[in-house]
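> Here is my input, please return the structure:
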Amino acid sequence: MGDAAEVVEDAADDGRKLCCGLDGRWSDRLAIGYFADTYRPLRDRERRGRAFRDIGLLADWIQEAGAIGAAVHEFARAQELLELALEEARRPLDASEKFKLLTVGEVLKLPPVSWVVDGWLTDRGLGGIVGPSNSGKSLVTLDIALSVATEMPFRGEFTVKGGSVVYIAAEDAAGQKQRLGALLDYRSLRADDVPRLRQLHASPMLRKPGDVSALLQAIDKLPEPPRMILFDTMRETLNGSDSKDEDVGEYIASVRRIMRETGAAAEIVHHFGHATERERGSSVLRGAVDTLLFVTRDDLIVTLHQEKQRNAATLPDVLFEIIAWGDSAVLRPITQADRKDRPAEVPPTRQKALEALRQCDEGGGASFSKWHETSGLTKSTFARAVADLSQWSLIRRNGRKYEVVSEVG
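Sure, this is the predicted structure:
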């Protein structure tokens, strides 16, 4: 198939690129998937003309690829599927096949709403996680992903339906190593403890059928179907404008196709609009999702709010505190009562951590690991101490190191 791949790499025709993988190489499987997934349902007369034009482009491509040495059996298979796609598109509309009317009894027998994160995100549902830049969206999203992948309750209180998780880190993929490493360490986990969490450090364009097919092909190789797929962010996986209803509508349609073919819940991470307190751009996203979560931040306190919950009553807001951990930061669940002012006298364990930082700081700060080791505190106690000292403005980060910023008698 090498010659065929070279033809595609050299081609400027977008129609051919639709059947390339994320690495840009031609894939007969993607071509077949493109025909089957895109054109099998196309009995809509308004779109039939476009369907035939696109199929024609791809038919020319398959013939060219086959002529220069593609495997005979693969070429024949693609040709056969092309003919099936054309035949399917020519079929008259048959409403009895397209729509099924349910009786009241059948409706009442439908399965109840189930949750992948109890009370927060529905199983096989579509959700949005939205907030301003630097609000902690990715920290919240990664925390949810790790909870589902390890079957550990979210925040330690909301049960999850465990399973494989695909995290598409299309924005700031470089920061994932630090964030994920810090979260694993904070939860006392090793990489081998989370085989169900997979990340994609690329930006599949979901309005391109070829990219969607390539993504599905990658997901199909997982040992088990995913329970959840997270798209971080919509902006980085949308080849279009998030202000245009048509573009966002096509994007949502692709996400639903991925959900339908994998059986997974999908969560879309998106930004607030400039100087607004709602999602940026088109209202199509808000209308489409089952759950819409807002992530906001006040200093080191992150609030997770249910803006919309289609199939249940909304739950009260929950709070997290951002604490420095290793080379990054993690979220520590807190309650409203935990939002306290700096005390007149620093508690003993916090004082011990503070003294340890003074002791190991030889100028310019001390590393997290050195500070922890010097303190002699357990990991959980040390985590709470770091959180409190940060909240009380007694310590600060200086690059990758920490230093004392206020003396206490």
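> Quick one: the helices in the stretch 151-300 of the chain, in order.
176-186, 209-220, 234-237, 245-262, 284-288 (DSSP state H, counting those that start in this stretch).
> Dump those helices into a markdown table; add mean neighbour count and distance to residue 345 as well.
To be clear about C-beta, it is placed using only N, CA and C from the backbone, and glycine gets the same treatment. A markdown table is the format used below for the helices of the stretch 151-300 of the chain (neighbours: other Cβ atoms under 10 Å; distance: least, Cβ to Cβ, whole Å):
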| stretch | mean neighbour count | distance to residue 345 |
| --- | --- | --- |
| helix 176-186 | 19 | 28 |
| helix 209-220 | 20 | 55 |
| helix 234-237 | 21 | 47 |
| helix 245-262 | 18 | 53 |
| helix 284-288 | 17 | 48 |
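> so which of the ones you listed comes closest to residue 393?
Closest to residue 393 of those is helix 176-186 (Cβ to Cβ; 21.5 Å).
> now the helices of the stretch 151-300 of the chain as a markdown table including distance to residue 330 and mean pLDDT?
What follows is the helices of the stretch 151-300 of the chain, written out as a markdown table (distance: least, Cβ to Cβ, whole Å; pLDDT from 0 to 100):
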| stretch | distance to residue 330 | mean pLDDT |
| --- | --- | --- |
| helix 176-186 | 4 | 92 |
| helix 209-220 | 28 | 91 |
| helix 234-237 | 23 | 94 |
| helix 245-262 | 28 | 92 |
| helix 284-288 | 28 | 93 |
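> nearest to residue 105, of these?
Minimum separation from residue 105 across these (Cβ to Cβ) falls at helix 245-262, 25.4 Å.
> what does the closest one rub up against?
37, 124, 126, 206-207, 209, 212, 215-216, 219, 225-226, 229, 231, 234, 237-238, 240-242, 264-266, 268, 281-285, 288 (Cβ atoms under 8 Å, 6 or more residues apart in numbering).
> picking up where we left off before, which one of the helices of the stretch 151-300 of the chain lies closest to residue 168?
Among the helices of the stretch 151-300 of the chain, the nearest to residue 168 by Cβ to Cβ is helix 234-237 (6.7 Å).
> of all the helices of the stretch 151-300 of the chain, which lies closest to residue 375?
Once the helices of the stretch 151-300 of the chain are compared by Cβ to Cβ, helix 176-186 is nearest, at 15.5 Å.
> what's the burial count for residue 347?
If you count neighbours by other Cβ atoms under 10 Å, residue 347 ends up with 12.
> Could you do residue 338 as well?
Residue 338 - counted by other Cβ under 10 Å - has 15 other residues nearby.
> What of residue 364?
There are 9 residues near residue 364, going by other Cβ under 10 Å.
> Quick check: the gap between residue 197 and residue 142.
9 Å (Cβ to Cβ, to the nearest Å).
> shared neighbours, the two?
With Cβ under 8 Å, 6+ apart, residue 197 and residue 142 have common neighbours residue 167.
> Tell me which of the helices of the stretch 151-300 of the chain lies nearest to residue 386.
helix 176-186 (10.4 Å).
> centre of the chain versus that closest one, how much separation?
16 Å (Cα atoms, centre = their mean, to the nearest Å).
> Show me what it is in contact with.
Contacts of helix 176-186 (Cβ under 8 Å, 6+ apart): 138-139, 142-143, 146, 169, 190-191, 193-194, 199, 201, 325-330, 379, 383.
> List the buried residues for stretch 258-274?
258-259, 261-262, 264-272 (16 or more other Cβ atoms under 10 Å).
> Report the contact partners of the closest residue to residue 133 other than its chain neighbours.
The spatial neighbour of residue 133 that comes closest, neighbours along the chain excluded (Cβ to Cβ, 6 or more residues apart in numbering), is residue 271 at 6.4 Å. The neighbours of residue 271, taking Cβ under 8 Å, 6+ apart as the test, are 130-133, 233, 235, 279-280.
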